[in-house]
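Colleague: Provided below are the primary sequence and the corresponding predicted coordinates.
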Amino acid sequence: MTPARTEGVGAVGEVFTVCPASSAPAVKRLMPGLRYDFTHMGSTFFRGEPPLNSPGSLNRQFLYRRLLDRFHLIYPAADADATHALEVALFDYLAGDYDHAVNISNNLHTVRVLLELVDMDGTVQPILDFGCGPAVSQAVAEDLGISLVGYDPSPRMRKAAEFRGMRVLTTDELVVCEEPFAGIIASYVLHLTIVPNELLAAVECLAPGARFAANFHKGINVLEVESLIASNGGCVQLSLTDHPHLRGHGEIRLWERTP
Ligand SMILES: C[S@@+](CC[C@H](N)C(=O)[O-])C[C@H]1O[C@@H](n2cnc3c(N)ncnc32)[C@H](O)[C@@H]1O
């Protein structure tokens, strides 16, 4: 598959420590060995990795987490908005080289499993790819004869997805969306910081009887999303049998919109 390219990005193999730009002076004081590189979407990227061993609390002010092995995130404790902004900046930066940054065959397989769980009878309405990234799903959907519409908070990811022929919603468009979706998939998205009103806006667009299938990398956020969807009503969670195709994708969950 040809990787989607956006202008001016690309960092295959480089290791970065990333923090909100407003926290950069404090992070630099804590870890003077870090070398400032650039600021992107309000996040400061230092070249190199922090002298920290395991993810968790760095001090009372900051938490530390690693994404995609080589991005070390330092973010203010208990500040979901700042963490979300940091994650979006990171994926936005990565958009042009995403296909090389992840294990793409794994993502393609996960997308296929999720689409097969959601698509029941080749409906004409589109399925929403929530957190579509650069639309690696597009090739799988074409193969299955499914029409997709994407949503991603990262502008460069949206541009890369459009480059692959996907129509993509912005956050502003998603939260006012009234388009009925024949299903929703979320592949390697819900282990990131969840924005409840955006996820619920998507779920509320599910047509009656339509399904939402998601994987949860390392099982992160399963309980949070289960209780978020349960608390809003309108969907029932379906049980999944331990089919071999469901293994190796983190935890998978499936919901159905009640008529
Ligand atoms: C690991 S990529 C997954 C892309 C694609 N779904 C795949 O399977 O390859 C995560 C994507 O989710 C987007 N994202 C980050 N936080 C999000 C959120 N709270 N809601 C929706 N998408 C989010 C990122 O911009 C990024 O494009």
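Modeller: Great, that's in hand. Residues are numbered from 1 along each chain as shown.

Colleague: K159 - that's part of a helix, no?
Modeller: Yes. Under DSSP: H, G, I helix; E, B strand; the rest coil, K159 falls within a helix.

Colleague: The ligand contacts on this protein?
Modeller: Residues of the chain that fall close to the ligand, judged by CB under 6 Å from any ligand atom: 84, 87-88, 91, 107, 111, 130-133, 136, 152-154, 157, 187-189, 192-195, 198. (Glycine included, C-beta is placed from N, CA and C.)

Colleague: Test my guess that P76 contacts F62.
Modeller: Yes. If you go by CB atoms under 8 Å, P76 and F62 touch, sitting 6.4 Å apart.

Colleague: Find the residues that touch each one of these two.
Modeller: Common contacts of P76 and F62 (CB atoms under 8 Å, 6 or more residues apart in numbering): S23.

Colleague: tell me, what residue is most central in this structure?
Modeller: The geometric centre of the chain, computed from its C-alpha atoms, lies nearest to V189 (CA atoms, centre = their mean), at 2.8 Å.

Colleague: Give me the nearest residue to it, chain neighbours excluded.
Modeller: The shortest distance from V189 to any non-neighbouring residue, by CB to CB, 6 or more residues apart in numbering, is to G131 (3.1 Å).

Colleague: export whichever strand or helix holds G183 as PDB, just CAs?
Modeller: Using DSSP states H and E, G183 falls within strand 181-186. Listed next in PDB are the C-alpha coordinates belonging to strand 181-186 (Å, rounded to 0.1, in the frame of the first residue of the first chain):
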ATOM      1  CA  PHE A 181     -24.200   5.800  10.300                       C
ATOM      2  CA  ALA A 182     -24.600   2.100   9.400                       C
ATOM      3  CA  GLY A 183     -21.900   1.300  12.000                       C
ATOM      4  CA  ILE A 184     -18.900   2.700  13.700                       C
ATOM      5  CA  ILE A 185     -15.400   1.200  14.100                       C
ATOM      6  CA  ALA A 186     -12.600   2.600  16.300                       C
END
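
Colleague: elements contacting it?
Modeller: Under the contact criterion of 3 or more CB pairs under 8 Å, 6 or more residues apart in numbering; DSSP states H and E, strand 181-186 touches helix 104-118, strand 127-130, helix 196-204, strand 206-216.

Colleague: Can you name the next helix or strand after the second one?
Modeller: It stands for strand 127-130. Next helix or strand after strand 127-130 toward the C-terminus (DSSP H and E): helix 137-144.

Colleague: from the chain's centre, how far out does that next one sit?
Modeller: Computed by CA atoms, centre = their mean, to the nearest Å, the chain-centroid distance of helix 137-144 equals 18 Å.

Colleague: picking up where we left off before, verify the stated contact: the residue nearest to V189 with A161.
Modeller: No. G131 lies out of contact with A161 (CB under 8 Å); the separation is 10.6 Å.

Colleague: what is in contact with these two at once?
Modeller: In contact with both G131 and A161: D152, using CB under 8 Å, 6+ apart.
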